[in-house]
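**Q** Predicted model and sequence below, questions to follow.
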Amino acid sequence: MGDVESPPSTEVLGSSPVDSPVEEVDQSPKEPQSDAQSKQGSTWQEDSAVLEWMLCRKEDGKWAMGDLDQALPQPVMYHELLWRDWQDLSDPLPTAENQFDFAVLSYNILSQDLVNENQQLYQHCEPQILHWDYRWPNILQELQHWEADILCLQEVQDDHYREQVQPSLNALGYSCHYKRRTGRKTDGCCTCFKTQRFTLLAESHMEFFRPAIDVLNRDNVGLVLLLQPVLPEGLQDASTLSPLCVANTHLLYNPRRGDIKLAQLALLLAEVEKLSRNPDGPRYPIILCGDLNATPDSPLYQLLYNGVLNYSGLPAWKVSGQELYCTTPNPRLLPSPLWPDFLGINGFCQYIPHQTAQIKDRQTYTRQCLLELRYCNYSLQRPQHLVMLKGVTDKKPDPKREPIHDILDNGIPSFRSPPLLLQHNLDLTSVYTHFLPAKGRFEVTSMTLGTGSNVDYIFYSAKPVPVRGNKHGLRFYQDTQLKLLGRLCLLSEEDLWAAQGLPNPFCCSDHLCLLARFSLDQSTGGDKM
């Protein structure tokens, strides 16, 4: 189905549609009509049992309704309303010879099974445009049009991947790697790359579900690929270009379970940290894509962008910034610690070496807890019955220090909990700014429950830049080894509603695709591990 056209003529009481104005046929005898009436177009008559009428189209492009003429509604010009500009961010200076340019596209293409299970979310759509047989050709045409070198797709249905997505993308020169969600879920993530531009060095198919861990009891998945750029023959040896670590994921949607989203993200970051680790030098550049189901003003986004999050006293339903979608907010706070030690991931979103993890599992108290216990009030008081042993006990105790912890009325030390922090050292920044200055509106990547939101992202490696007088804890970045050359501009919520929301006949998913072009320059070192 293409652009929306004016309503077609329909049959009335068994009559066939014709090009000329259609008159309503009534079972009762008709009264003769005057010439003036016939020139005005259709007429309608009211019956005592049935009230049935229709409008007829005149050749001059107006609806004729009695003595009133009303202009026809103009067809929606989707190509104009949904036009997305390309924003060029490249340096006007000549590029280096060893620079490798490539494009990355991230797209949640909307699983058909999820459409069928959540019909109430798409009541604003015409039924025809929700069928997979209509949507997939348009989605494929969109992928062909942008010609990205790397595709990070979410909500790719398993049977559609095997029967249509993979064969179609293979024919376009892509190598496809797919991870289906666990359990009974039928969709998953798919990462594809053009074989003429990259070769695969390593890959990791991640399952976020962990038995017996409450914050990891959902079926979401992720993919992490380590790709080696391929230069055309005759140019500099591709071995001089750094490998590229590409991550693709779709985090849990449930706005009330921010604890699960943080744990899933920590697992993904730990895997990215492992695959991007370069034993011989700087960390490999990273690109992280996906539907994170979190807004740019959320604590989860803060963890990704700033590299640190203090989640002490943070309610689970506020983690993703989707409070508008929480009909019954979850009052519980994030647990401390967020996940058990046997998961094997520390607070820096890194894997703990196996031997260290085993030792830590046997500890009743953490080392930090025992160190702080030395200076509580009880520890600073010398028992009167302490036996004096030469070389073991002192005549005088250590000078009294200001206690870190107070003693409660029941005599139990009250430890002031240290900040509950999640951190990572990957230094990631967003391709998009999440605001449209020319329109004075926020960027929107998805339409959910009748409102627009920004939940899809492309993050990439950059270098943090210190800024004087920065009192808000924000980090600023500058491009180094991986340079952002341009991006496909997003739209506002008003733009999308002018085109009847998402999906529509032009955009066949409830998400917009994200597209960015990068250059990989080996002459500039990356961030140290």
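**A** Here it is on my side, so go on.
**Q** And the spatially closest residue to Val319 that is not a sequence neighbour, its phi and psi?
**A** Nearest-residue entry for Val319: Gly258, 2.3 Å, with adjacent residues in sequence omitted and distances by C-beta to C-beta, 6 or more residues apart in numbering. No exception for glycine: its C-beta is placed from N, CA and C like everyone else's. Backbone torsions for Gly258, taken as degrees, to the nearest 10, come to phi -70, psi -30.
**Q** Enumerate every residue touching Gly258.
**A** Shown in contact with Gly258 (C-beta atoms under 8 Å, 6 or more residues apart in numbering): Pro299, Leu300, Leu314, Pro315, Ala316, Trp317, Lys318, Val319, Ser320, Leu334.
**Q** any weak-confidence spans in the stretch 201-350 of the chain?
**A** Applying pLDDT under 70 to the stretch 201-350 of the chain flags residues 234-239, 329-330.
**Q** And the helices in it?
**A** 258-275, 299-306 (DSSP state H, counting those that start in this stretch).
**Q** now the ones you listed as a markdown table including distance to Cys190?
**A** What follows is the helices of the stretch 201-350 of the chain, written out as a markdown table (distance: least, C-beta to C-beta, whole Å):
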| stretch | distance to Cys190 |
| --- | --- |
| helix 258-275 | 16 |
| helix 299-306 | 22 |
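**Q** So which of those helices is nearest Pro243?
**A** helix 258-275 (9.1 Å; C-beta to C-beta).
**Q** For the closest one, list every residue counted as buried.
**A** 258-273, 275 (16 or more other C-beta atoms under 10 Å).
**Q** go on, stretch 280-300?
**A** Buried-residue list, stretch 280-300, by 16+ other C-beta under 10 Å: 282-296, 298-300.
**Q** and if you look at stretch 310-319?
**A** Buried residues in stretch 310-319, counted by 16+ other C-beta under 10 Å: Tyr311, Leu314, Pro315, Ala316, Trp317, Lys318, Val319.
**Q** out of these, what pair is the most spread apart?
**A** Among these, Tyr311 and Trp317 lie farthest apart (C-beta to C-beta), at 13.0 Å.
**Q** got the residue ranges for the strands in the stretch 251-400 of the chain?
**A** Assigned strands in the stretch 251-400 of the chain, in chain order: 286-291, 308-310 (criterion: DSSP state E, counting those that start in this stretch).
**Q** For the ones you listed, give me CSV that also has distance to Gly450.
**A** Output for the strands of the stretch 251-400 of the chain, formatted as CSV (distance: least, C-beta to C-beta, whole Å):
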stretch, distance to Gly450
strand 286-291, 19
strand 308-310, 30
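**Q** out of the ones you listed, which comes closest to Ser430?
**A** Judging the strands of the stretch 251-400 of the chain by C-beta to C-beta, what sits closest to Ser430 is strand 286-291, at 9.8 Å.
**Q** ok, residues contacting that closest one?
**A** 104, 106, 108, 150, 152, 154-155, 189, 222, 244-251, 268, 272, 276, 304, 426, 428, 446, 455-461, 482, 511, 514, 518.
**Q** Look up the closest residue to Gly290, ignoring the ones flanking it.
**A** Thr249 is the one closest to Gly290 (C-beta to C-beta, 6+ apart), at 4.2 Å.
**Q** okay, now the one you found: neighbour count?
**A** 27 (other C-beta atoms under 10 Å).
**Q** Distance check, it against Thr433.
**A** 22 Å (C-beta to C-beta, to the nearest Å).
**Q** repeat for His160
**A** Noted for His160: a distance of 33 Å to Thr433, by C-beta to C-beta.
**Q** Between the two, which is the more surrounded one?
**A** Of the pair His160 and Thr433, His160 is the one with more neighbours under other C-beta under 10 Å, namely 19 against 12.
**Q** In contact with the more buried one, which residues are there?
**A** Gln112, Trp132, Trp136.
**Q** Redo the residues you listed as JSON lines? Include pLDDT, neighbour count and distance to Gly486.
**A** As requested, the contacts of His160 are exported to JSON lines (pLDDT from 0 to 100; neighbours: other C-beta atoms under 10 Å; distance: C-beta to C-beta, whole Å):
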{"residue": "Gln112", "pLDDT": "98", "neighbour count": "20", "distance to Gly486": "32"}
{"residue": "Trp132", "pLDDT": "98", "neighbour count": "19", "distance to Gly486": "32"}
{"residue": "Trp136", "pLDDT": "98", "neighbour count": "18", "distance to Gly486": "28"}
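**Q** which among the residues you listed gets closest to Phe208?
**A** Gln112 (23.0 Å).
**Q** how close does the nearest residue to the closest one once chain neighbours are set aside get to Gln154?
**A** In this structure, Gln112 finds its nearest non-sequential neighbour in Trp132, 4.4 Å apart by C-beta to C-beta, 6+ apart. The gap separating Trp132 from Gln154 is 16 Å, by C-beta to C-beta.
**Q** what's the answer for Tyr134, then?
**A** In terms of C-beta to C-beta, Tyr134 sits 20 Å off from Gln154.
**Q** Look at these two and report which has more neighbours.
**A** Ranked by neighbour count (other C-beta under 10 Å), Tyr134 and Gln154 place Gln154 first, with 25 against 17.
**Q** Beta-bridge partners for the more buried one, please?
**A** Asn108 (DSSP bridges).
**Q** Could you tell me which residues make contact with it?
**A** Ser106, Tyr107, Asn108, Ile109, Asp187, Cys189, Cys190, Asn248, Thr249, His250, Gly290, Asp291.
**Q** Which residue ranges of this structure form helices?
**A** Using DSSP state H, the helices of the chain run over residues 35-39, 78-81, 112-117, 132-146, 158-160, 166-171, 258-275, 299-306, 354-361, 367-373, 377-380, 493-498.
**Q** Name the stretch among those that sits most buried.
**A** Most buried of the helices of the chain, by mean neighbour count (mean count of other C-beta atoms under 10 Å): helix 258-275, with a mean of 25.
**Q** quick one, that one and helix 299-306 angle?
**A** 20 degrees (axes from the mean of the first three to the mean of the last three C-alpha atoms, to 10 degrees).
**Q** what's the angle between helix 258-275 and strand 286-291?
**A** Inter-element angle recorded for helix 258-275 and strand 286-291: 150 degrees (by the same axes, to 10 degrees).
**Q** can you map out the strands along the stretch 101-250 of the chain?
**A** With DSSP E, counting those that start in this stretch as the criterion, the stretch 101-250 of the chain has strands spanning 150-157, 174-180, 187-194, 198-207, 221-229, 244-250.
**Q** Minimum distance to Val215: which of those strands has it?
**A** strand 198-207 (14.6 Å).
**Q** The closest one pairs with which strands, parallel or anti?
**A** Assessed with DSSP bridges, strand 198-207 is paired to strand 221-229 (antiparallel).
**Q** Specify the angle between the strand it pairs with and strand 150-157 in degrees.
**A** Using the same axes, to 10 degrees: strand 221-229 against strand 150-157 is 160 degrees.
**Q** the strands in the stretch 401-529 of the chain, which residues?
**A** Under DSSP E, counting those that start in this stretch, the stretch 401-529 of the chain gives strands at 406-407, 413-414, 421-423, 428-430, 435-436, 441-442, 446-448, 451-453, 456-461, 463-465, 476-478, 482-488, 514-521.
**Q** can you list those strands in CSV and add mean neighbour count?
**A** Shown next, in CSV, are those (neighbours: other C-beta atoms under 10 Å):
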stretch, mean neighbour count
strand 406-407, 12
strand 413-414, 14
strand 421-423, 18
strand 428-430, 20
strand 435-436, 16
strand 441-442, 16
strand 446-448, 21
strand 451-453, 19
strand 456-461, 24
strand 463-465, 14
strand 476-478, 13
strand 482-488, 20
strand 514-521, 22
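**Q** For the residue nearest to Gly290, list the residues it contacts.
**A** With C-beta under 8 Å, 6+ apart, Thr249 has these contacts: 154, 189, 206, 220-223, 264, 268, 288-292.
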